[in-house]
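A.B. asks: return atomic coordinates for the entry below.
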Amino acid sequence: MKLSEISENIKIAFEAMSVNKLRSLLASLGVVIGISFVILMGWVLSGLDQALEDTFNIIGTDMLYIDKWDWAGGRNWKKVRQRKNITYNQATEFCEKIKNAELAIPNAREFGYRIKYKNEEFQGMTFIGTKWEHSLTPAGATFIGRHFTQFEDDIGSNVIVLGYKVNQALMVEGDPLGQYVKIEGRKFLVIGVIKKQGTMLFDFVDNQCFMPIKSFQSVFGKSGRSVSIAIKAGSINNLDEVRAESEGLMRQIRNIKPGEENDFSINETKAFESTVEVLRLSVWSVGIGMTVLSFLVGIIGIMNIMFVSVTERTKEIGIRKAVGAKKRTIWMQFIIEAAILSFVGAIIAFIGCSALVYLVATFLPKFVPETAFLSPVLPYELLLIASFVSIFVGMLAGLIPAVRGANLDPVEALRREN
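C.D. replies: Numbers count the residues shown, from 1 in each chain. So this is what the prediction gives:
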């Protein structure tokens, strides 16, 4: 088919749509809804990917965490609970002996404790006792003040670094640096605030406070809890080697006999992949189901309109065929018209979804901070995908009416119209 024929068919299609604006708009409604589901589903999935990437950056892609508990779950919870605690002495011995890691740090935690500032008291905080090297990991980056030094770590100074949400809750006004907070009746000097790190998948990290592990032990005690070990491999390429060394060294320290199952877990960013896949599957399942239903409605609507269009233009088809128009030309005319009708629906969906996405991503995080991962701009690849899908749906919807129009006998067509 010549380019001139295609351009002429496009012109005819727009003229037909302009004559019946309301009918064309209603016919495109199903496509508008279907394309909207495609765009919004892709937008949510791209946001989930960004949240996952942010979570990985917090944990550290080159970080391993030895713990009593398995982050990924899936194991027998009662069996995991019966594991012996990882003691502080075991964690210290591990950190001293590991060779291939860039650094290894013991971490002790206490959950659900209170923190006081002046006359205010807040509950549900998590306190972490760690070493000064914590500042060298992604989770230790501060945006106000500093982390505690090696000297403060060695002598067990009563200094504390607040999590982002803790700082917001305590220090509503003024500079938090140099202020004192009380934990279990003991004063701690605020020397820094950790950068905001919470994501939808990892929002609790902003409620943590960090102090030297000796200070932690003097407040909460040294025994009765399991200590975790944060290991920085130095690079992703070094992860396998460090993981293998960590497992062997920890089995040795824990006196695990050959053939016996590990009574500890080595956690890393992969632990969240299964969670994200479940979320992805849920979004895809709902989105695809609604999209298919909407497109089915859209196909039926466009198909009906195209049948009406073929019926209304029977005389025109008869005249064109009588003067030599080929079946291919008539067939292509209605296919193009159906595709344009569907594409117009896609354009309406683009505009509507762009406005909706901008409003949601701009205002929702103010009320639900965990949704900050949502982008106010639609990824351009979604627009390309939606465009191709809409054109395909339109061509599919116009196929049968186009065949019917192309197969009309010119004499019968002219007679029937008369």
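A.B. asks: could you find the closest non-adjacent residue to Ala230?
C.D. replies: In this structure, Ala230 finds its nearest non-sequential neighbour in Ile105, 4.7 Å apart by C-beta to C-beta, 6 or more residues apart in numbering. Bear in mind the C-beta positions are built from the backbone N, C-alpha and C, glycine included.
A.B. asks: now do the contacts for Val161.
C.D. replies: 142, 145, 147-148, 190-194, 209-211 (C-beta atoms under 8 Å, 6 or more residues apart in numbering).
A.B. asks: is it correct that it falls within a helix?
C.D. replies: No. With DSSP: H, G, I helix; E, B strand; the rest coil as the criterion, Val161 is located in strand rather than a helix.
A.B. asks: what pLDDT is listed against it?
C.D. replies: For Val161, the pLDDT comes out at 94.
A.B. asks: look up how far Ala139 lies from it.
C.D. replies: 11 Å (C-beta to C-beta, to the nearest Å).
A.B. asks: overlap in contacts, those two.
C.D. replies: Ile194.
A.B. asks: for the helix or strand harbouring Leu384, name the packing helices and strands.
C.D. replies: Leu384 is part of helix 380-406, with elements assigned from DSSP states H and E. Counting contacts by 3 or more C-beta pairs under 8 Å, 6 or more residues apart in numbering; DSSP states H and E, helix 380-406 is packed against helix 21-59, helix 273-312, helix 327-367.
A.B. asks: pull out the buried positions in stretch 393-406.
C.D. replies: By neighbour count on 16 or more other C-beta atoms under 10 Å, the buried set for stretch 393-406 is 393-399, 401-402, 404-406.
A.B. asks: show me which pair in those is furthest apart.
C.D. replies: The span of the buried residues of stretch 393-406, defined through C-beta to C-beta, is set by Val393 and Ala406 at 20.4 Å.
A.B. asks: just send the contacts of Val161 back as a markdown table, with secondary structure and neighbour count too.
C.D. replies: A markdown table is the format used below for the contacts of Val161 (DSSP: H, G, I helix; E, B strand; the rest coil; neighbours: other C-beta atoms under 10 Å):
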| residue | secondary structure | neighbour count |
| --- | --- | --- |
| Thr142 | strand | 16 |
| Gly145 | strand | 18 |
| His147 | coil | 21 |
| Phe148 | coil | 23 |
| Val190 | strand | 24 |
| Ile191 | strand | 23 |
| Gly192 | strand | 22 |
| Val193 | strand | 22 |
| Ile194 | strand | 27 |
| Cys209 | strand | 25 |
| Phe210 | strand | 26 |
| Met211 | strand | 28 |
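A.B. asks: what is the nearest of those residues to Asp70?
C.D. replies: Phe210 (23.9 Å).
A.B. asks: and the contacts of Val161, which is closest to Lys326?
C.D. replies: Looking across the contacts of Val161 and measuring by C-beta to C-beta, the closest to Lys326 is Ile194, at 72.2 Å.
A.B. asks: any idea what that closest one is bridged to?
C.D. replies: Thr142 (DSSP bridges).
A.B. asks: any idea how far Lys327 is from it?
C.D. replies: 71 Å.
A.B. asks: residue contacts, Val403?
C.D. replies: Taking C-beta under 8 Å, 6+ apart, one finds Trp331 in contact with Val403.
A.B. asks: for the stretch 251-400 of the chain, give me the ranges with low pLDDT.
C.D. replies: 270-276, 279-280, 283, 287, 369-370 (pLDDT under 70).
A.B. asks: max-length strand in the chain?
C.D. replies: Criterion DSSP state E: the longest strand present in the chain is strand 103-117.
A.B. asks: so how far is Glu261 from Glu247?
C.D. replies: 12 Å.
A.B. asks: neighbour count winner among these two?
C.D. replies: Per other C-beta atoms under 10 Å, whichever of Glu247 and Glu261 has more neighbours is Glu247, with 16 against 6.
A.B. asks: quick one: the more buried one and Asn262 touch, right?
C.D. replies: Yes. Counting by C-beta atoms under 8 Å, Glu247 touches Asn262, with 7.0 Å between them.
A.B. asks: beta partners of the nearest residue to Tyr180 once chain neighbours are set aside?
C.D. replies: Among residues not flanking Tyr180 along the chain, Lys187 sits closest, at 4.8 Å (C-beta to C-beta, 6+ apart). When bridges are called by DSSP bridges, Lys187 pairs up with Lys182.
A.B. asks: so Lys187 makes contact with Gln179?
C.D. replies: No. Contact status for Lys187 versus Gln179: not in contact, 10.3 Å apart, counting by C-beta under 8 Å.
A.B. asks: measure Gln179 to Ser157 for me?
C.D. replies: From Gln179 to Ser157 the distance is 16 Å (C-beta to C-beta).
A.B. asks: also Phe37?
C.D. replies: In this view, Phe37 and Ser157 are 56 Å apart by C-beta to C-beta.
A.B. asks: between those two, which has more neighbouring residues?
C.D. replies: It is Phe37, of Phe37 and Ser157, that has more neighbours when counted by other C-beta under 10 Å, with 23 against 18.
A.B. asks: quick revisit: residues shared between the contacts of Lys187 and Gln179?
C.D. replies: By C-beta under 8 Å, 6+ apart, no residue touches both Lys187 and Gln179.
A.B. asks: okay, those two: which has more neighbours?
C.D. replies: Neighbour count, other C-beta under 10 Å: between Lys187 and Gln179, Gln179 has more, with 16 against 11.
A.B. asks: check the more buried one and give its pLDDT.
C.D. replies: So Gln179 comes in at 89 (pLDDT).
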